[in-house]
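Asker: below: sequence and its predicted model.
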Amino acid sequence: MLVQEIIRTKREGKALDEAQIQHFVHGLVDGSWSEGQVAALGMAVFLRGMDRAEAVALTRAMMHSGRVLSWPDMPGPVLDKHSSGGVGDKISLMLAPMVAACGGYVPMIAGRGLGHTGGTVDKLEAIPGYSTAPAPADFDRIVRTLGCAIIGQTGDLAPADKRFYATRDVTATVESVPLITASILSKKLAAGLQGLAMDIKCGNGAFAATPEFGQELARSIVEVAGGAGLRTRALITDMNQVLGREVGNALEVQGVIDYLKGDKPREARTHELTLALCAEMLVLGGLAPDVGAARVKLQAALDSGAAAERFARMVAALGGPVDLLERPQAYLPSAPVVKPVPAPRAGRITGMQTRDIGLVIVELGGGRRLPSDTLDMRVGLDRMAQLGEVLSAGQPMAFVHAADEAAADRAIAQVTAAVTIADAGAPWKAPSLVMA
Ligand code: URA
């Protein structure tokens with residue numbers, strides 16, 4: 001089978017058969033498809049699309065491109081959540097211990113930041129000593145004993161996605177429904193899950209910019225996962241503003257600790273979305289009869305400290321400090337320069353260019369320009385104002401944490417430009433967080 005003929009078939013808008021798709025996936029793993037050929041097929045699929053049968057074949061082939069985990073003798077349901085990528089989205093770090101505290105088992109294989117979006121693995125690496133690449137036997141043992149472990153993608157699970165994703169990232173072919181579907185589900189199916197909650201982010205900080213794209217992606221993921229025997233629920237959620245009040249690796253970990261401990265009031269949108277996604281997981285796993293009962297159970301796991309304790313034990317089991325929750329400031333790195341971003345005028349915050357805010361973090365050094373970049377875990381934004389808040393002129397809309405004054409001043413200008421402030425009395429309606 002000639003590679004160029006497979007590319008030509010898709011370029012002409014025809015469907016690929018299973019053998020052609022398998023040829024491509026083998027070529028990704030054994031290197032027999034060149035970078036140019038992988039990129040060309042990626043662009044052909046981006047422009048011409050794939051039907052459901054092709055998306056299923058691609059998902060299956062990528063899932064079987066490496067090791068497939070199974071958890072045959074687990075005492076409870078094996079569950080996970082995946083987000084399609086956002087800004088300030090730290091929910092995985094709270095969700096895994098909360099679901100574990102309610103009887104679920106969460107072997108979460110998370111990703112790194114991508115483009116303007118943050119990554120769970122990068123956030124965890126802000127914790128000194130935390131290993132995101134433990135030996136497989138340790139991962140297995142920690143999930144079994146504590147109910148959750150969050151680690152990074154290993155080379156042996158869905159390796160085809162690892163290569164294809166890296167190429168898509170630098171060839172402007174990320175935002176394709178069949179490619180995102182196959183990318184996400186190949187990894188989740190290889191992790192041996194029994195239930196998956198999908199958080200499809202939609203808006204100006206997401207890969208799915210429009211509700212139509214979000215809905216199409218949700219349908220595709222639920223159908224392809226269901227066809228492969230993985231029960232999946234998808235929520236379409238708003239990403240037209242930063243989620244929560246912190247963005248940046250160490251700052252988000254601090255936000256997670258505050259959330260789990262509950263010493264300060266929990267930020268409303270973060271709390272709502274965390275409960276909504278966790279509740280879907282408990283219902284999928286048969287741990288609660290409905291989302292209402294699930295939310296009661298989850299709130300109890302927070303109030304009793306059980307979820308915070310799971311998180312603390314997971315961190316320690318993966319090599320982090322045993323007293324991170326008691327003394328986070330002793331461990332989490334902090335930036336030398338912290339400066340407010342003053343509101344340029346009085347009024348209500350009515351808009352946020354969320355992608356631009358994600359890019360501010362990249363420019364501060366908290367995200368990557370190149371795959372090989374080392375991150376500055378200290379930098380980011382905190383005490384970020386939310387849409388709908390009314391500010392007086394000069395009141396801080398956020399605080400920039402930066403490596404030096406010049407970087408802080410650049411970030412202040414960029415955040416100011418990314419936020420829209422209108423007259424406080426003008427009509428304004430809060431967007432719903434869970435859109436569908
Ligand atoms: N997240 C993934 O894992 N893959 C994609 O293609 C997009 C978001």
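Answerer: Arrived safely, thanks for sending.
Asker: break this structure down into its domains, please.
Answerer: The record's domain parsing of the chain by automatic domain parsing lists 3-49, 79-317, 334-422.
Asker: these two touch, right, Pro344 and Ala417?
Answerer: No: taking contacts as CB atoms under 8 Å, Pro344 lies outside contact range of Ala417: 9.5 Å. No exception for glycine: its C-beta is placed from N, CA and C like everyone else's.
Asker: ok, and what's touching the lowest-mean-pLDDT helix or strand in the chain?
Answerer: Every helix and strand in the chain was compared by mean pLDDT, DSSP states H and E; the lowest is helix 159-169, with a mean of 91. Helix 159-169 has contacts (CB atoms under 8 Å, 6 or more residues apart in numbering) with 25, 28-29, 35, 38-39, 42, 61-62, 65-66, 114-115, 153, 155, 173-174, 179, 182-183, 186-187, 371.
Asker: can you spell out which helices and strands pack onto the helix or strand just after that helix?
Answerer: Note on helix 159-169: by DSSP states H and E, the next helix or strand toward the C-terminus is helix 177-190. Helices and strands touching helix 177-190, by 3 or more CB pairs under 8 Å, 6 or more residues apart in numbering; DSSP states H and E, are helix 35-48, helix 52-63, strand 79-83, helix 159-169, helix 211-227.
Asker: for Ala133, give me its contacts.
Answerer: Here Ala133 is in contact with Ile151, Gly152, Thr154 (CB under 8 Å, 6+ apart).
Asker: please enumerate the strands of the protein.
Answerer: Counting by DSSP state E, the chain has strands at residues 79-83, 106-110, 148-152, 195-202, 231-238, 337-342, 347-352, 380-382, 390-391, 396-402, 419-422.
Asker: get me the contact residues on the stretch 1-150 of the chain for the ligand.
Answerer: Ser84, Gly85, Gly111 (CB under 6 Å from any ligand atom).
Asker: quick one: which of these is nearest to Gly104?
Answerer: The shortest gap between Gly104 and any of those belongs to Gly111, at 20.6 Å (CB to CB).
Asker: over to that closest one: give its phi and psi.
Answerer: Main-chain torsions, Gly111, degrees, to the nearest 10: phi -110, psi 170.
Asker: ok, now the one 5 residues further on?
Answerer: Recorded main-chain torsions at His116 are phi -90, psi -10, according to degrees, to the nearest 10.
Asker: count of residues packed around it?
Answerer: 21 (other CB atoms under 10 Å).
Asker: separation between it and Ser83?
Answerer: The spacing between His116 and Ser83, counted by CB to CB, to the nearest Å, is 14 Å.
Asker: pretty sure Phe399 contacts Lys339?
Answerer: Yes: assessed by CB under 8 Å, Phe399 is found in contact with Lys339 at 6.8 Å.
Asker: more neighbours: which of these two?
Answerer: Using other CB under 10 Å, the more surrounded residue of Phe399 and Lys339 is Phe399, with 21 against 17.
Asker: okay, the more buried one: pLDDT?
Answerer: Here the pLDDT value assigned to Phe399 is 98.
Asker: just list whatever residues bridge to it.
Answerer: Counting by DSSP bridges, Phe399 is bridged to Pro340, Asp382.
Asker: how about it, what does it touch?
Answerer: Phe399 touches Val338, Lys339, Pro340, Val341, Leu381, Asp382, Arg383, counting by CB under 8 Å, 6+ apart.
Asker: quick one on the thing from earlier: among the residues of the stretch 1-150 of the chain next to the ligand, which one sits closest to Ala294?
Answerer: Ala294 lies nearest to Ser84 out of those, by CB to CB, at 22.4 Å.
Asker: next up, the contacts around the closest one.
Answerer: By CB under 8 Å, 6+ apart, the contact set of Ser84 is Ile180, Ile184, Met198, Asp199, Ile200, Lys201, Ala206, Phe207, Ala208, Leu217.
Asker: ok, how many other residues are close to the last one?
Answerer: I take that to be Leu217. 27.
Asker: I figured it was touching Pro178, is that so?
Answerer: No: using CB under 8 Å, Leu217 makes no contact with Pro178, being 9.7 Å away.
Asker: joint contacts of those two?
Answerer: Contact criterion CB under 8 Å, 6+ apart; residues shared by Leu217 and Pro178: none found.
Asker: now Ala301, nearest residue through space, not along the chain?
Answerer: Ala101 (3.9 Å; CB to CB, 6 or more residues apart in numbering).
Asker: and Pro371, what's its pLDDT?
Answerer: 72.
Asker: nearest residue to it other than its sequence neighbours?
Answerer: Ala166 (6.6 Å).
Asker: in TSV: the residues of the stretch 1-150 of the chain next to the ligand, plus distance to Ala279 and pLDDT.
Answerer: Shown next, in TSV, are these (distance: CB to CB, whole Å; pLDDT from 0 to 100):
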residue	distance to Ala279	pLDDT
Ser84	19	88
Gly85	22	87
Gly111	23	84
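Asker: separation between Pro136 and Arg345?
Answerer: Distance, Pro136 to Arg345, using CB to CB: 55 Å.
Asker: can you check Ala398 too?
Answerer: Noted for Ala398: a distance of 16 Å to Arg345, by CB to CB.
Asker: if you count surrounding residues, which of those two has more?
Answerer: More neighbours surround Ala398 than the other of Ala398 and Arg345, with 27 against 12 (other CB under 10 Å).
Asker: where does the stretch 201-350 of the chain get nearest to the ligand, residue-wise?
Answerer: Of all residues in the stretch 201-350 of the chain, the one sitting closest to the ligand is Phe207 (6.0 Å; CB to the nearest ligand atom).
Asker: and for the nearest residue to that residue once chain neighbours are set aside, the neighbour number?
Answerer: Ranked by CB to CB, 6+ apart and with sequence neighbours excluded, the top spatial neighbour of Phe207 is Glu175, at 5.1 Å. Around Glu175 there are 15 other residues, counting by other CB under 10 Å.
Asker: circling back: what sits against the residue nearest to Ala301?
Answerer: Applying CB under 8 Å, 6+ apart, the residues near Ala101 are Gly147, Ala301, Ala306, Ala307, Glu309, Arg310.
Asker: wait, isn't Arg269 in contact with Val242?
Answerer: No: look at Arg269 against Val242 with CB under 8 Å: they stay out of range, at 9.6 Å.
Asker: and the two? Which one has more around it.
Answerer: In terms of neighbours (other CB under 10 Å), Val242 is the more surrounded of Arg269 and Val242; the figures are 26 against 21.
Asker: pretty sure the more buried one is touching Gly205, no?
Answerer: Yes: assessed by CB under 8 Å, Val242 is found in contact with Gly205 at 7.3 Å.
Asker: that'll do, ta.
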